[in-house]
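Undergrad: A predicted structure for the sequence below; I have some questions about it.
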Amino acid sequence: MTAKLIDGKAFAEGLRGRIAGHVARLKSEHGITPGLAVVIVGHDPGSQIYVSQKAKQTVEVGMHSEKYELPEDTPEAEVLALVEKLNADPAIHGILVQMPVPPHIDGNKIITTISPDKDVDCFTPASVGKLQIGLPGPVSCTPLGCLMLLRDNLPSLAGLNAVIIGRSNLVGKPMAQLLLRENCTVTVAHSKTRDLPGIVAEADIVIAAVGRPHMVRGEWIKPGAVVIDVGINRIPAPDKGEGKTRVVGDVEFASAAERAAAITPVPGGVGPMTIACLLANTVTTASLINGLVPPRDLTP
Ligand code: GUN
């Protein structure tokens, strides 16, 4: 392997340290304790682990944390009522409803009920619009994490060719906005894209966010590119024993690492950054709600 390994776990730890400093300052200088409420409906084990991690890290950086675990069959009206209550609660500056919600609940209805001022996921139309025109506000957590890692590994992003594979509302589209703001030349590739290998071969920056194990082949990578792998895919691992699995990314790691200048591993790359950026967004919304300028190092 010739690429530098981008250690997202260590970067996220440093970021949480800076967030804790900002939280302490908000408390001591302004009497504000940023508060984050996380809501989960149902019992999906993966989602429960994420939500517990979010609540735990919120407390670790000194913030106020509230966790609402609702049964799978909770009526939509009850979830909406909880969101409305949290919208009106002055102790809460961030509201996250873990997606996906059970099928009898309209996820978009939940999202559009969250106050844009407290939208730490950057899911509401108002937040998405602010991100697009560059107004202050929360920024989609995973793309913000990817941007922080890119800035840490490149002297300048301006003029670079960035290829994003995947056009989701969660990652691909907001990532494109952020990289445009950095003056990259941005291509968003997707399942209907023709000649993906040819497009990736031109990329100085590759962001893989498709959710398909090892879909991006190492031989496609331009020598010297920076590769950010957002994928978290669980695949069978018979070498570890009967019925065992392992988590891999969207990129063929070993062969890509022979060509790239720097690459994120999976796990330990982008994953830890997402929750840290959720905490960063809560500091941002707590600042904005109270008429303060958000800390520069937590926003793009
Ligand atoms: N489900 C998977 N990722 C996310 C996320 O970033 N935010 C929310 N609310 N739900 C998710």
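TA: Yep, it's here. Numbers count the residues shown, from 1 in each chain.

Undergrad: Disregarding residues adjacent in the polypeptide, which is nearest to the residue in the chain positioned nearest to the ligand?
TA: Residue nearest to the ligand within the chain: M99 (3.7 Å; Cβ to the nearest ligand atom). The way it works is simple: take the backbone N, C-alpha and C, and place the C-beta from them, glycine included. Excluding the flanking residues, the one nearest M99 by Cβ to Cβ, 6 or more residues apart in numbering is G107, at 5.9 Å.

Undergrad: gap between that neighbour and M63?
TA: G107 sits 25 Å away from M63, going by Cβ to Cβ, to the nearest Å.

Undergrad: who's more crowded, those two?
TA: The residue with more neighbours, out of G107 and M63, is M63; 23 against 14, by other Cβ atoms under 10 Å.

Undergrad: Please state the backbone phi and psi of the more buried one?
TA: M63 adopts backbone torsions of phi -90, psi 170, taken as degrees, to the nearest 10.

Undergrad: Likewise for Y68?
TA: phi -120, psi 110.

Undergrad: Now for A262: which residues touch it?
TA: Contacts here follow Cβ atoms under 8 Å, 6 or more residues apart in numbering; on that basis A262 touches 3-6, 153, 226-227.

Undergrad: can we see that at 6 Å?
TA: Listed by Cβ atoms under 6 Å, 6 or more residues apart in numbering, the contact partners of A262 are 3-4, 6, 153, 226.

Undergrad: Could I have the ChimeraX command that selects the buried members from these?
TA: Of the contacts of A262, the buried ones go into a single ChimeraX selection, burial set by 16 or more other Cβ atoms under 10 Å:
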select :3,6,153,226
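
Undergrad: Tell me which two of the contacts of A262 sit farthest apart.
TA: A3 and N153 (10.3 Å; Cβ to Cβ).

Undergrad: Kindly give the local confidence score, pLDDT, for the closest residue to G172 other than its chain neighbours.
TA: Closest residue to G172 apart from its sequence neighbours, by Cβ to Cβ, 6+ apart: G166 at 4.3 Å. At G166, the pLDDT value in this model is 98.

Undergrad: Which residue ranges of the stretch 101-250 of the chain form strands?
TA: Under the criterion DSSP state E, counting those that start in this stretch, the stretch 101-250 of the chain contains strands at 161-165, 185-189, 205-208, 226-229, 233-236, 245-248.

Undergrad: Could you dump those strands into a markdown table and include distance to T74?
TA: Below are the strands of the stretch 101-250 of the chain laid out as a markdown table (distance: least, Cβ to Cβ, whole Å):
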| stretch | distance to T74 |
| --- | --- |
| strand 161-165 | 35 |
| strand 185-189 | 36 |
| strand 205-208 | 35 |
| strand 226-229 | 35 |
| strand 233-236 | 27 |
| strand 245-248 | 30 |
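
Undergrad: Relative to A280, which of these is closest?
TA: strand 226-229 (17.7 Å).

Undergrad: Show me what the closest one packs onto, helices and strands only.
TA: strand 205-208 (3 or more Cβ pairs under 6 Å, 6 or more residues apart in numbering; DSSP states H and E).

Undergrad: just checking, what packs against the strand it packs on?
TA: Short answer (3+ Cβ pairs under 6 Å, 6+ apart): strand 205-208 packs on strand 161-165, strand 226-229.

Undergrad: what's in contact with that strand?
TA: The contact list for strand 205-208 (Cβ under 6 Å, 6+ apart) reads 160, 162-165, 175, 200, 216, 225-229, 231, 250-251.

Undergrad: List the strands paired with it, with their directions.
TA: Strand pairing for strand 205-208, using DSSP bridges, gives strand 161-165 (parallel), strand 226-229 (parallel).

Undergrad: of all these, which gets the most neighbours per residue?
TA: Highest mean neighbour count among the strands paired with strand 205-208 (mean count of other Cβ atoms under 10 Å): strand 226-229, with a mean of 28.

Undergrad: need the contact list for the closest residue to T58 other than its chain neighbours.
TA: Nearest non-adjacent residue to T58, counting by Cβ to Cβ, 6+ apart: S65, 3.9 Å away. Shown in contact with S65 (Cβ under 6 Å, 6+ apart): 36, 55, 58-59.

Undergrad: So which of those belong to helices?
TA: 55, 58-59 (DSSP state H).

Undergrad: Pull the contacting residues for the nearest residue to M175 once chain neighbours are set aside.
TA: Leaving aside its chain neighbours, M175 sits nearest to P143 (4.1 Å; criterion: Cβ to Cβ, 6+ apart). Listed by Cβ under 6 Å, 6+ apart, the contact partners of P143 are 174-175, 178.
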